[in-house]
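J.: The sequence and its predicted three-dimensional model are supplied below.
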Amino acid sequence: MIRILIFQVIFLTCVWYAWKAGGQPERAAMLAQAVAYSITLSTGYLRVAGGFTNIVEGWLIADILLLAALIWLALQANRLWTLLLAGLHLAAIFVHLAKATYPQFPPFGYALFLQFWAYPMLLTTAIGIRRHQIRLRRYGPYPDWKRPRKDQPAA
């Protein structure tokens, strides 16, 4: 139970930091993670039916939606760390894929690896926010989003 409380404190600290010091991409990343976490909580975060012996569908849905949001963010944001964030979350999707292709995957390993990736993702987001602040101080305002090149037709 203490690990859940520790995660929630870290998570809420990152949310606060994104809203206090982040630009639009940093806030979008934390918003996407917060929505995914809310979906995870609503699907029985503390008591997963079957105890991770089968794929946790609610978590899979939350992870797929989060991956789509993070890929969109990585393609649109003028930040490199968003690529790393999407890649880290892709690892969580591979955990679901491993469980789907190898049903004997140990339940403890499935649970551990699903939850593990949240910590490096929060760390990456926090570092991205800090780097944003450093760039603002050093170079002044810069665009949050990529803009199409002038020779590219508008979508």
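T.: Received it, and whenever you're ready, just let me know what you need. Numbers count the residues shown, from 1 in each chain.

J.: Pull stretch 122-132 out as CSV, backbone CA atoms only.
T.: Taking Å, rounded to 0.1, in the frame of the first residue of the first chain, the C-alpha atoms of stretch 122-132 are listed here in CSV:
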residue,chain,number,x,y,z
LEU,A,122,7.5,10.6,-14.8
LEU,A,123,11.2,11.2,-14.5
THR,A,124,11.4,11.9,-18.2
THR,A,125,8.5,14.4,-18.0
ALA,A,126,10.1,16.2,-15.0
ILE,A,127,13.4,16.4,-16.8
GLY,A,128,11.6,17.7,-19.9
ILE,A,129,10.0,20.4,-17.8
ARG,A,130,13.3,21.4,-16.2
ARG,A,131,15.0,21.6,-19.6
HIS,A,132,12.2,23.8,-20.9
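
J.: Determine the set of other helices and strands touching the helix or strand containing Ile10.
T.: Using DSSP states H and E, Ile10 sits within helix 2-21. Where contact means 3 or more Cβ pairs under 8 Å, 6 or more residues apart in numbering; DSSP states H and E, helix 2-21 is packed against helix 24-42, helix 118-139. Glycine gets a C-beta too; all of them are placed from N, C-alpha and C.

J.: Figure out which of those is closest to Phe94.
T.: Among these, the nearest to Phe94 by Cβ to Cβ is helix 118-139 (14.1 Å).

J.: lowest average confidence, helix or strand, in the protein?
T.: helix 107-116 (a mean of 91; mean pLDDT, DSSP states H and E).

J.: which residues touch it?
T.: Under the contact criterion Cβ atoms under 8 Å, 6 or more residues apart in numbering, helix 107-116 has outside partners 7, 48, 51-53, 56, 59, 92, 95-96, 98-99.

J.: That one to helix 2-21, inter-axis angle?
T.: Interaxial angle, helix 107-116 versus helix 2-21 (axes from the mean of the first three to the mean of the last three Cα atoms, to 10 degrees): 20 degrees.
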